[in-house]
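Visitor: Provided below for reference: sequence and predicted model.
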Amino acid sequence: MLETRQLSKTYSGDGTDFQALRDVDLRIDKGDCVAIVGKSGSGKSTLMHLLACLDAPSNGSVIVDGQDVSSLSEKAKNTLRNQKFGFVFQQFFLNGRDTVFENVVLPMRIRGESASTLTKDAATALAAVGLTDKTNKRAKDLSGGEKQRVCIARALIGRPQVIFADEPTGNLDSQTGAAVENLLFDLNREQGITLVIVTHDSELAERCDRLIEMKDGQIVSDKKRGEAK
Amino acid sequence: MKFWDLIKIANRNLFRNKLRTFLTVAAIFVGSFTLTMTNGLGDGMRSYVESQVKNFESDRVLMVRKKVEEPSGPKNGAEEYKDAPDGDSGLDPNSFLITEQQITSLTNGIVGIMTVTPRYNIGGEYITLDGTKKYKVELGMLSEGITQKTEAGKPISGERQIVFPVGLARTFDPNIDNLIGRTATLGYRNGKDEIVAIALTVVGVATKGFMTNTSSFVDASTAKLIHNDQRRGDTPGKYIGFSMQMDSPERIDAAKKVLDERGFTAVTMADNQKRTYDALGIFKIAMSLVAAIALLAASFGIINTLVIAVLERTKEIGLQKALGMSRGKIFAIFSLESVLIGFWGALLGTVFGIAVGLITNKVLIAAYAESFEGFNLFAFTLPSIASVMLIVSAVAFFAGVMPAFRASRLNPIDSLRYE
């Protein structure tokens, strides 16, 4: 599903270069549930951005469904992200003044779906996260846990193959955080959606099937759950 | 994403910050209001002039007079006063009198002249239909080849004929058609200070216009009679100019050239109209410049508003891009916001401008209806309104290009991280 070959990323500025990723080779299969952990500056966010085609690598390549992303046009990359990926961010990035409905249907609007499809799909997605009764509420009036569930509904609505979650529970207390985690794992188990979670929350990471640890831009360990250290 | 969705999003974004949008629209409103008013004023004056000059038709008549020497800048010294050659008050001694012999030699050799009419200087004392009730009269003459439009009856076509202005005609008979064919008596003062009366046939009533609103027009031969009778001393046979009727409009340029070489200027009615229109055009452009400055200032308001909006919505733009929205769509949303600001400002400005213009017209007509019959200070035509809307929207679009471009170039990761 997702693959990287000798993936490197260097940020340059002010005359100094910072190598965020060094020759990362990685393979994530369909239906995987992967946690990427590491300290800040370890390169885990950079790796996720490159996997999600939000950024272009300095060297090496990202391969999605057998296709090298660097060969794709800007437009094709937009379409790829819109159709195959879903995103859940720590800071939610909801539009507070808009309704929950408007926030959830954004990927479908970008796709250009008809109004009736939007209504139908939003109902399905909001039912999946248990927020059907909040459909017409303004996003800013929701609690933190509800906001993150709206984000999951937004990630879900386009029937993605992969959901990228960047510190999905970072802004939530442990109880609501656990509910959000359960929701994500359910999607992985029941719908076979590939899950890539970037976190430094070790408890969350432990619940994933596969744990990739990063340090100084390189993968230092990559193990299945239950494997001994 | 559909275009209609983009417009809806842009409109929603504008409503998110109502006060800021309102203030930006208000600035555009002032600009487009000014533009509407200046355009309306220009068109109003133009249509007034048009309605006045179109009352005379002649595409083959040249009006000729001696060239006025070009003033060579402001003079420092004094100019010598010359005593008038004789005591005739009817003619200005400084107005380059020419004699019939001179006219003959001037026109000699010009191809295609049908008739030559000297410009007669005539003044009337009174006009009457029944001989008892007399009215003051202003007289004008119609040169050969010039046709005057009439509201009733026919234009002058023979000798001893007169065309009344509408006001005078209505005084005689509210039903002006009744006047046609009747005999009027015109009184004028001759060179010996005696009142002479002549009989004229009323052939028509002139269409309204600023030369025809007050003057009664007589044919050239009647004008000649009165002119010669009114002159004193040696001025009979001397004129301030003359007109030439050519056999075809194509001969006009050649005739102008010959007369120019002989020291005379010849203009057609069209030339005179063009000069007036040119002056009006310059006036209109000058006023539009004022409106343009107002619009320019307002467009900086749009730029400012959008630059702030881009900063405020950096995260939102980042998210939209992460979710697959193209640069073009982001650009389109911001451009549409800009155009919508322009559109609303233009709509309010033109509607308000038209309302103010029409009310002003009503007030002016109520106050000065007598002297300005048929005159509208402001005229609003669909093309000029449409062009104001279009120009303002275009200005708004161009104002939005820079901020919209900046928004479209934002990097999704950087903008999601933006604090």
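Guide: Now that the structure is in, tell me what you want to look at.
Visitor: Show me the helices in chain A, by range?
Guide: Listed in chain order, the helices of chain A (DSSP state H) span A:44-51, A:74-84, A:100-111, A:115-128, A:144-156, A:174-191, A:202-206.
Visitor: tell me the centre residue of the chain?
Guide: Since no chain was named, I'll use chain A. A:F164 (1.1 Å; CA atoms, centre = their mean).
Visitor: sorry, should have said chain B
Guide: Nearest to the mean C-alpha position of chain B, by CA atoms, centre = their mean, lies B:R46 at 2.2 Å.
Visitor: what helices or strands is whatever helix or strand that one lives in leaning on?
Guide: Per DSSP states H and E, B:R46 falls inside helix B:18-53. If you count contacts as 3 or more CB pairs under 8 Å, 6 or more residues apart in numbering or on different chains; DSSP states H and E, helix B:18-53 packs onto helix B:269-312, helix B:327-368, helix B:382-409. In short, each C-beta sits where N, CA and C put it, glycine included.
Visitor: Show me what from chain A comes close to chain B.
Guide: Neighbours of chain B within chain A, by CB under 8 Å from any CB of the partner chain: A:49, A:52, A:54-55, A:74-75, A:78-83, A:87, A:89, A:91, A:93, A:95, A:97-98, A:106-107, A:109-112.
Visitor: Now the buried members of those residues.
Guide: Among the residues of chain A next to chain B, those buried by neighbour count (16 or more other CB atoms under 10 Å in any protein chain shown) are A:49, A:52, A:54-55, A:78-82, A:87, A:89, A:91, A:93, A:95, A:98, A:106-107, A:109-111.
Visitor: Not counting residues beside it along the chain, what's closest to the residue in chain A that chain B sits nearest to?
Guide: Of all residues in chain A, the one sitting closest to chain B is A:N82 (2.8 Å; CB to the nearest CB). Counting by CB to CB, 6 or more residues apart in numbering or on different chains, A:N82 lies nearest to B:G324, which is 2.8 Å off, once chain neighbours are set aside.
Visitor: List the contacts of the one you found.
Guide: Contacts for B:G324 (CB atoms under 8 Å, 6 or more residues apart in numbering or on different chains) come out as A:N78, A:T79, A:L80, A:R81, A:N82, A:Q83, A:P107, A:I110, A:R111.
Visitor: let's see it at 6 Å
Guide: Neighbour list for B:G324: A:N78, A:R81, A:N82, A:I110 [criterion: CB atoms under 6 Å, 6 or more residues apart in numbering or on different chains].
Visitor: quick one: secondary structure of the nearest residue to the first one once chain neighbours are set aside?
Guide: Read that as A:N78. Excluding its sequence neighbours, the residue lying closest to A:N78 (CB to CB, 6+ apart) is B:G324, at 4.3 Å. Under DSSP: H, G, I helix; E, B strand; the rest coil, the three-state class of B:G324 is coil.
Visitor: B:S243 contacts B:E144, doesn't it?
Guide: No: using CB atoms under 6 Å, B:S243 makes no contact with B:E144, being 7.4 Å away.
Visitor: Looking at those two, which has the bigger crowd around it?
Guide: In this view B:S243 and B:E144 are compared by other CB atoms under 10 Å in any protein chain shown, and B:S243 has more residues nearby, 24 against 16.
Visitor: did I read that right, that one in a helix?
Guide: No: if the criterion is three-state DSSP, then B:S243 is strand and not within a helix.
Visitor: ok, what's across the strand from it?
Guide: Counting by DSSP bridges, B:S243 is bridged to B:M63, B:T117.
Visitor: mind checking pLDDT for residue 191?
Guide: Chain wasn't specified; assuming chain A. pLDDT for A:Q191: 91.
Visitor: Switch to chain B, please.
Guide: pLDDT recorded at B:G191 is 83.
Visitor: Can you get me a residue count around the closest residue to it other than its chain neighbours?
Guide: Distances taken as CB to CB, 6+ apart place B:R232 nearest to B:G191, at 4.3 Å, with adjacent residues excluded. B:R232 is flanked by 16 other residues according to other CB under 10 Å.
Visitor: Is B:R232 in contact with B:K192, as I believe?
Guide: No: counting by CB under 6 Å, B:K192 is not a contact partner of B:R232; they are 8.3 Å apart.
Visitor: got the phi/psi numbers for B:F56?
Guide: phi -120, psi 140 (degrees, to the nearest 10).
Visitor: ok, what's across the strand from it?
Guide: Judged by DSSP bridges, the bridge partners of B:F56 are B:Q148.
Visitor: How confident was the prediction at it?
Guide: 76.
Visitor: Relative to chain A, how far out is it?
Guide: According to CB to the nearest CB, to the nearest Å, B:F56 and chain A sit 64 Å apart.
Visitor: Which residue is the nearest non-sequential neighbour of B:V64?
Guide: Ranked by CB to CB, 6+ apart and with sequence neighbours excluded, the top spatial neighbour of B:V64 is B:A266, at 4.6 Å.
Visitor: what's the answer for B:K321, then?
Guide: In space, and not counting its chain neighbours, B:K321 is closest to B:P412: 4.0 Å by CB to CB, 6+ apart.
Visitor: Quick check: that neighbour vs B:D260, distance?
Guide: 73 Å (CB to CB, to the nearest Å).
Visitor: Neighbour count for the two, which is higher?
Guide: Taking other CB under 10 Å, B:P412 and B:D260 do not tie; B:P412 has more neighbours (21 against 12).
Visitor: in the stretch 151-300 of chain B, which spans are strands?
Guide: B:161-164, B:183-189, B:195-206, B:215-219, B:238-239, B:242-246, B:264-267 (DSSP state E, counting those that start in this stretch).
Visitor: Which other helices and strands does the last one contact?
Guide: Pointing back at strand B:264-267 there. Contacts defined by 3 or more CB pairs under 6 Å, 6 or more residues apart in numbering or on different chains; DSSP states H and E place strand B:264-267 against strand B:61-66.
Visitor: got a pLDDT number for the closest residue in space to B:V203 that isn't next to it in sequence?
Guide: Sequence neighbours aside, B:Q161 is the residue nearest to B:V203 in space, at 4.7 Å (criterion: CB to CB, 6+ apart). Model confidence at B:Q161, given as pLDDT, is 92.
Visitor: tell me the contacts of the nearest residue to B:I162 once chain neighbours are set aside?
Guide: Residue nearest to B:I162 in three dimensions, not counting chain neighbours: B:L200, with 4.2 Å by CB to CB, 6+ apart. For B:L200, the contact set (CB under 6 Å, 6+ apart) comprises B:R160, B:I162, B:A184, B:L186.
Visitor: Can you tell me how far whatever residue of the stretch 201-350 of chain B ends up closest to chain A is from A:I110?
Guide: Nearest residue of the stretch 201-350 of chain B to chain A: B:G324, at 2.8 Å (CB to the nearest CB). Distance, B:G324 to A:I110, by CB to CB: 5 Å.
Visitor: got any ranges where the stretch 1-150 of chain B has weak pLDDT?
Guide: Residues of the stretch 1-150 of chain B that meet the criterion pLDDT under 70 lie in B:1, B:68-77, B:79-96.
Visitor: circling back: pull the distance from the helix holding B:R46 to the chain's centre.
Guide: Its chain's average C-alpha position is 17 Å from that of helix B:18-53, according to CA atoms, centre = their mean, to the nearest Å.
Visitor: angle of it against helix B:327-368?
Guide: With axes from the mean of the first three to the mean of the last three CA atoms, to 10 degrees applied, the angle from helix B:18-53 to helix B:327-368 works out at 50 degrees.
Visitor: So for helix B:18-53, what gets flagged as buried?
Guide: Buried, per 16+ other CB under 10 Å, within helix B:18-53: B:20-21, B:24-53.
Visitor: can you check stretch B:393-400 too?
Guide: For stretch B:393-400, a neighbour-count test (16+ other CB under 10 Å) marks B:S393, B:V395, B:A396, B:F397, B:F398, B:A399, B:G400 as buried.
Visitor: And those residues, which is closest to B:F3?
Guide: For the buried residues of stretch B:393-400, the closest approach to B:F3 (CB to CB) belongs to B:F397, at 15.3 Å.
Visitor: How about that closest one: what's its closest non-neighbour residue?
Guide: That would be B:V339: by CB to CB, 6+ apart, it lies 5.1 Å from B:F397.
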